[in-house]
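*Asks:* Predicted model, plus sequence, below.
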Amino acid sequence: MEKDHLSEATRAFLNSCGQNDTLRIETIKSDSWIGYDAAKGIQEKLQELIEMPRIQRMWSYLIMATSENGKTSIRLRTEKMNERYVNEKSEIIIPVISFQMPPNPNERSFLNSILKSMLLPIYPTGKPDVLLEEVIRSISDFRSKLLIIDEVHHMGRMPFSKQRLMLDLIKYLSNEARIAIAAFGIEEAINIFSSDPQLKNRFKKIYLPGWSPDDQYRRLLASFELILPLRKPSILIDEELALLIYDRTNGTIGEIISVIKKSAIEAVKTGAEQITKDIVRGLDFESSKAA
């Protein structure tokens, strides 16, 4: 049977699987990059930061979205496209340094998180000024171009005076290391960065909006169907099925993808080989919108 509902790569994978449903399920569970317009736009902006020459005042972005709305997938995609490598001089190059802000951050834990992301030793009792110099030196040695800070809103758990110190540290690090910064967080982060006029101007704000059941949403579903290794077309863009999937989520990309993946796994297990309205209705899934 010709599998015209699949991409060429997915069709080849499905043909190679034979009756190995376990392999198909593991593939469905794995992380997938769905390049919808908003995510591709942000990822392209980050790539521009990586490719631009170092200047005294590097550009930076504050990227905000609700929880489960695709921030982490953009971060992981940027990491994957800019992995560390060894150049012709046997030097290790790390184009992108990426880490999560510690849950209860301070200067020491912040700097150690950067060192850890570069696979360097950390110093739990190290002096912040010494750690800062080590971080700046390492950024230079590894020729790093972009520092990604995920969950930057964790800074909101710090006392206001400590927040200002951390913001000064971020600003100093960007200036001295001449490295661009992309800070990811929920909308609370805007209040933190707005408290420093210089950083407020330096960090251009980008919002990753939630989804509506519109044409762009249906294009997302169509893109997803291309990579699901199911033997029959689900026609996810069907109006009733598309609305049913949307109604089970809070309009975030994370929950939409979760519902589709869970449905696809059920389609493999039951032998249905396509996502149906009955499968979606029967999912054991609770959206955060119910909270």
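*Replies:* Alright, I've got the coordinates.

*Asks:* and the gap between the residue nearest in space to the middle of the chain and residue 286?
*Replies:* Geometric centre of the chain, nearest residue: residue 72, 2.1 Å, by Cα atoms, centre = their mean. The spacing between residue 72 and residue 286, counted by Cβ to Cβ, to the nearest Å, is 21 Å. C-betas here are computed from N, CA, C, even on glycine.

*Asks:* Give me the residues contacting the helix or strand of the chain with the lowest mean pLDDT.
*Replies:* The helix or strand of the chain with the poorest confidence is helix 197-202; it has a mean of 80 (mean pLDDT, DSSP states H and E). Identification of contacts with helix 197-202 by Cβ atoms under 8 Å, 6 or more residues apart in numbering yields 57, 59-60, 167, 170-171, 174, 193-194.

*Asks:* Now for residue 217: which residues touch it?
*Replies:* Here residue 217 is in contact with 211, 242, 246 (criterion: Cβ under 8 Å, 6+ apart).

*Asks:* on that earlier part again, could you list the buried residues of the very next helix or strand once past the least confident helix or strand of the chain?
*Replies:* Using DSSP states H and E, the helix or strand that follows helix 197-202 towards the C-terminus is strand 203-207. Using 16 or more other Cβ atoms under 10 Å as the test for burial, strand 203-207 gives 203, 206.

*Asks:* Return the list of helices and strands in contact with strand 203-207.
*Replies:* strand 60-64 (3 or more Cβ pairs under 8 Å, 6 or more residues apart in numbering; DSSP states H and E).

*Asks:* repeat that with 10 Å
*Replies:* helix 37-51, strand 60-64, helix 160-177, strand 180-185, helix 189-194 (3 or more Cβ pairs under 10 Å, 6 or more residues apart in numbering; DSSP states H and E).

*Asks:* pretty sure residue 220 contacts residue 237?
*Replies:* Yes: counting by Cβ atoms under 10 Å, residue 220 does reach residue 237; the two are 9.5 Å apart.

*Asks:* Thank you kindly, that will do.
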